[in-house]
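K.L.:
Quick one: sequence plus predicted model below, questions after.
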Amino acid sequence: MNAENPEIRYRLLKLLAGNPNLTQRQMAEEMGLSLGKFNYCLKELVKKGAVKIERFTSSDNKAGYMYILTPHGIEEKARITVRFLKRKILEYEELQREIQELRREAELEPCSTQPPADNWRRLTVD
């Protein structure tokens, strides 16, 4: 996985938008990434101008950072969200087609649990 992976970018931008005060360690854990991989992805978004890192003025430790989406980051998140949604809709529609095909196949297949005289059964899926 890398910073160019649209799903990682989507998840990272979404996480930053909703939780700008989390530490990098907390965000990495939330995303299921190593801290190093998370840091690399975050730095790439900073380089691209999608994220701005601000230090709390009253903080003297490394945990005192806030990660803010820039206007470019907000636009990027919106673009990625639309692409992600379109992809998920296509996947959902394909699954629906597969389910319909499996239902048709199940209607035609004999069920081995029934006696031979009554070997055809209709499958219902709720």
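P.N.:
Yes, it's here. Residues are numbered from 1 along each chain as shown.
K.L.:
For the rest of this, base every contact and every neighbour count on C-alpha atoms.
P.N.:
OK.
K.L.:
what's the helix or strand for residue 79?
P.N.:
helix 71-108 (DSSP states H and E).
K.L.:
Quick check: buried residues in that helix?
P.N.:
Within helix 71-108, the residues that qualify as buried are 73-74, 76-77, 80-81, 103, 106, counting by 16 or more other Cα atoms under 10 Å.
K.L.:
For it, name the packing helices and strands.
P.N.:
Using 3 or more Cα pairs under 8 Å, 6 or more residues apart in numbering; DSSP states H and E as the contact test, the elements touching helix 71-108 are helix 6-18.
K.L.:
coming back round to it: give me the angle between the helix holding residue 79 and helix 6-18.
P.N.:
120 degrees (axes from the mean of the first three to the mean of the last three Cα atoms, to 10 degrees).
K.L.:
Residue numbering should commence at 56 henceforth.
P.N.:
Yes, from this point I'll number from 56; that puts the last item at helix 126-163.
K.L.:
Quick one: mean pLDDT over helix 126-163.
P.N.:
Averaged over helix 126-163, pLDDT sits at 93.
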